[in-house]
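> Sequence plus the predicted model coming up.
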Amino acid sequence: GNSVTQMEGPVTLSEEAFLTINCTYTATGYPSLFWYVQYPGEGLQLLLKATKADDKGSNKGFEATYRKETTSFHLEKGSVQVSDSAVYFCALNDSWGKLQFGAGTQVVVTP
Amino acid sequence: DGGITQSPKYLFRKEGQNVTLSCEQNLNHDAMYWYRQDPGQGLRLIYYSQIVNDFQKGDIAEGYSVSREKKESFPLTVTSAQKNPTAFYLCASSIDRLASTGELFFGEGSRLTVL
């Protein structure tokens, strides 16, 4: 079946540091891939998405590229801020239109 | 403002009691979903509904029930049959079937604690 694997957290880094969160997936067919973010005390919100191989999703300084050859969708940001502290979820949608989420990676950015 | 409203935000329940979590949306979305979030396990789908008066079981439906009598409402009942109900519950909606956009809109969640 489909699955999403993310690096475990928490990831702790200083403001202005470079952030990478690894995400790999297994799926039949060609799913769309997503990153969702959950700020403290809130629900999840869509951060970015990519619908086919080699697509790059980007939003709020975050980027992720759909790599079919490595079945990966790593999230990156060049210079994080304290306000980026949150839990980040990688996800894919299956052929029935349901989202499959990874376990989430907590990111803590310190001043 | 348009969005999804979940209530209550915090709920305590004694063992053996049923409890109903409310989810209301004013986005005019067709599809609605209930997820359960546990530490280190991500989100797991409990039930989903793509149209009024119809709903489908997700991956962990046992011990839960839902109804979809109105487009804007999708309440979740956690029954006494649910063996480990303490969790954070998230309701979400999407414009239509996920395959078209993949975007879910989430409420702020309800935290249920069984005493």
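The structure has been received and is ready for your questions.

> so where is chain B shaky, pLDDT-wise?
Applying pLDDT under 70 to chain B flags the ranges B:1, B:97-101.

> cool, and chain A?
Scanning chain A for pLDDT under 70 picks out A:95-97.

> Tell me which stretches of it form helices.
Counting by DSSP state H, one finds no helices in chain A.

> Count the neighbours of the residue in it that chain B sits nearest to for me.
Closest contact between chain A and chain B, by Cβ to the nearest Cβ, is at A:Gly43 (3.1 Å). Every C-beta, even on glycine, is put in place using the N, C-alpha and C of the backbone. As a burial measure, A:Gly43 scores 22 neighbours (other Cβ atoms under 10 Å in any protein chain shown).

> residues in contact with it?
B:4, B:90, B:92, B:106-109 (Cβ atoms under 8 Å, 6 or more residues apart in numbering or on different chains).

> who does the closest residue to chain A within chain B bridge with?
Here the residue of chain B nearest chain A is B:Phe106; by Cβ to the nearest Cβ that distance is 3.1 Å. Beta bridges link B:Phe106 to B:Ala92 when assigned by DSSP bridges.

> Next: A:Asn93.
Under DSSP bridges, the beta-bridge partners of A:Asn93 are A:Leu99.

> For it, the count of nearby residues, please.
When counting by other Cβ under 10 Å, one arrives at 25 neighbours for A:Asn93.

> what's the spacing between it and B:Ser94?
Look at A:Asn93 and B:Ser94: by Cβ to Cβ, to the nearest Å, they are 10 Å apart.

> mind checking the backbone torsions on residue 68?
Answering for chain A, as no chain was given. Backbone torsions of A:Lys68, given as degrees, to the nearest 10, read phi -70, psi -40.

> other chain: chain B
Backbone torsions for B:Arg68, taken as degrees, to the nearest 10, come to phi -140, psi 70.

> Grab the nearest non-local neighbour of it.
Leaving aside its chain neighbours, B:Arg68 sits nearest to B:Ser49 (4.2 Å; criterion: Cβ to Cβ, 6 or more residues apart in numbering or on different chains).

> List, one by one, the residues from chain A near chain B.
Applying Cβ under 8 Å from any Cβ of the partner chain, we find that chain A lies next to chain B at A:4, A:32, A:34, A:36, A:41-46, A:49, A:51, A:89, A:91, A:93, A:95-99, A:101-104.

> let's see it at 10 Å
Counting by Cβ under 10 Å from any Cβ of the partner chain, the residues of chain A close to chain B are A:1, A:4, A:6, A:8-9, A:31-34, A:36, A:38, A:41-46, A:49-51, A:87, A:89-104, A:106.

> which of the residues you listed are buried?
When these are checked for burial by 16 or more other Cβ atoms under 10 Å in any protein chain shown, the buried set is A:4, A:6, A:9, A:31-34, A:36, A:38, A:43-44, A:46, A:49-50, A:87, A:89-94, A:97-104.
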